[in-house]
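Participant: let me see the structure of the following:
(one chain, ligands or ions: 1)
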Amino acid sequence: MRSFSFTKMHGLGNSYIYVNMFKERLAEEELSYIAKRVANVHTGIGSDGLILICPSDVAPVKMRIFNSDGSEGKNCGNGLRCVAKYVYEHGIVQEKQFMIETLSGLVQARVFVEDRKVNSVEINMGKPRLSRGEIPMVGKENDVVINERMDFAGHTYYMTGVSMGNPHAVFYVDRIEEAPVTTLGPIVEKDERFPEGINVEFVEVVNERELHFRVWERGSGVTEACGTGACAAVVASVLNGKTKRNEETVVHLAGGDLYITWKENGDVLMRGAAETICTGVYYY
Ligand SMILES: N[C@H](CCC[C@H](N)C(=O)O)C(=O)O
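Facilitator: Now for the predicted structure:
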């Protein structure tokens with residue numbers, strides 16, 4: 001019987017099982033299987049997936065994220081805040097500002113500390129990618145996708161496509177409580193026009209500095225929050241003239257609020273909570 005130590009953490013209810021790979025050894029070929037197992041609320045620990053906190057050649061730490069279906073994602077905003085909290089509190093880094101490597105590039109983290117505990121983290125998520133080639137989705141690769149009419153399951157919707165290193169399809173609704181998260185979400189996620197699949201976000205604009213937000217995640221389904229998705233929602237809202245560039249927008253997710261600014265220099269800043277739930281040993 002093999003085992004590894006883990007820490008369960010969440011960002012606004014988007015929880016993952018975190019494994020410190022500076023100390024643990026997991027076989028590469030088993031990572032997808034382990035992600036599915038630990039995520040299972042009945043036979044595992046229960047989470048939206050698995051996140052590995054790894055050594056890196058280009059930064060103090062590297063984050064890898066696996067969804068609850070075992071697929072590997074390329075970025076994770078809520079995960080980045082929790083990784084930043086973990087590595088600061090465990091002395092893997094000493095500074096309050098440091099880089100984190102992800103599969104979609106380097107990001108900068110800044111931790112806010114009280115009594116040696118990190119209670120809030122700001123991540124500079126870098127620049128959104130807006131072309132079809134970068135999202136990715138089919139069509140002319142340099143075209144952008146802003147409020148584009150698209151038919152799904154015989155109905156017409158208007159989609160804005162944004163990549164934050166991982167793909168997002170953003171749709172606007174009049175009332176967030178009526179968003180077709182569990183009906184349209186899975187259809188869009190697997191639509192053949194998105195060769196790598198896609199995360200699906202629904203946004204209700206409250207005013208030019210406030211959004212309501214719900215998400216169907218690629219590989220995990222409905223989650224309480226999605227940091228990269230919230231960043232994509234703010235970028236899409238600026239592109240659609242609903243919120244302002246360079247001004248902080250509060251995004252109300254099911255699990256809580258994120259504060260996001262798409263700066264004039266192109267970078268997207270995301271600030272929010274990161275919390276430790278428990279630690280333990282997982283046997284498999
Ligand atoms: N929950 C994550 C996003 C996971 C993205 C993953 N579902 C994928 O891109 O496959 C976040 O806070 O950004």
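Participant: chain neighbours aside, what residue packs nearest to the spatially most central residue of the chain?
Facilitator: Central residue of the chain (Cα atoms, centre = their mean): C76, 3.3 Å from the mean position. Distance criterion Cβ to Cβ, 6 or more residues apart in numbering; nearest residue to C76, sequence neighbours excluded, is I65 at 4.2 Å. In short, each C-beta sits where N, CA and C put it, glycine included.
Participant: what about the one you found, distance to T243?
Facilitator: 27 Å (Cβ to Cβ, to the nearest Å).
Participant: ok, now R110?
Facilitator: Counting by Cβ to Cβ - R110 and T243 are separated by 23 Å.
Participant: these two: who's more crowded?
Facilitator: T243 (27 against 16; other Cβ atoms under 10 Å).
Participant: can you confirm the more buried one is in a helix?
Facilitator: No: T243 is assigned coil when assessed by DSSP: H, G, I helix; E, B strand; the rest coil, not a helix.
Participant: can you report phi and psi for it?
Facilitator: phi -130, psi 170 (degrees, to the nearest 10).
Participant: helices of the stretch 151-284 of the chain, residue ranges please.
Facilitator: 181-189, 227-239 (DSSP state H, counting those that start in this stretch).
Participant: contact partners of the shortest one?
Facilitator: Contacts to helix 181-189, defined as Cβ atoms under 8 Å, 6 or more residues apart in numbering, come from residues 152-153, 157, 159, 169, 171, 194, 197-200, 202, 214-216, 218, 221-222.
Participant: near the ligand too, which of the residues you listed?
Facilitator: Residues of those in contact with the ligand (Cβ under 6 Å from any ligand atom): N199, R218.
Participant: closest one to the ligand among the helices of the stretch 151-284 of the chain?
Facilitator: Among those, helix 227-239 comes nearest to the ligand, with 3.4 Å by Cβ to the nearest ligand atom.
Participant: now do the closest one: distance to the chain's middle.
Facilitator: Relative to the centre of its chain, helix 227-239 is centred 11 Å away, using Cα atoms, centre = their mean, to the nearest Å.
Participant: please save the CA atoms from that helix in CSV.
Facilitator: What follows is helix 227-239 as a C-alpha-only set of coordinates in CSV (Å, rounded to 0.1, in the frame of the first residue of the first chain):
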residue,chain,number,x,y,z
GLY,A,227,-9.8,32.3,-11.1
THR,A,228,-8.7,32.1,-14.7
GLY,A,229,-12.4,32.2,-15.7
ALA,A,230,-13.0,35.3,-13.6
CYS,A,231,-10.0,37.0,-15.3
ALA,A,232,-11.4,35.9,-18.7
ALA,A,233,-14.8,37.4,-17.7
VAL,A,234,-13.3,40.7,-16.9
VAL,A,235,-11.3,40.8,-20.1
ALA,A,236,-14.4,39.9,-22.1
SER,A,237,-16.4,42.6,-20.3
VAL,A,238,-13.9,45.3,-21.2
LEU,A,239,-13.8,44.0,-24.9
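Participant: so what does that helix touch, helix or strand wise?
Facilitator: Other helices and strands packing on helix 227-239, by 3 or more Cβ pairs under 8 Å, 6 or more residues apart in numbering; DSSP states H and E, are helix 77-89, strand 155-163, strand 167-172, strand 199-207, strand 210-217, strand 249-253, strand 256-262, strand 268-273.
Participant: that older thread, the residue nearest to C76 reaches I51, doesn't it?
Facilitator: Yes: between I65 and I51 there is a contact under Cβ atoms under 8 Å: 5.1 Å.
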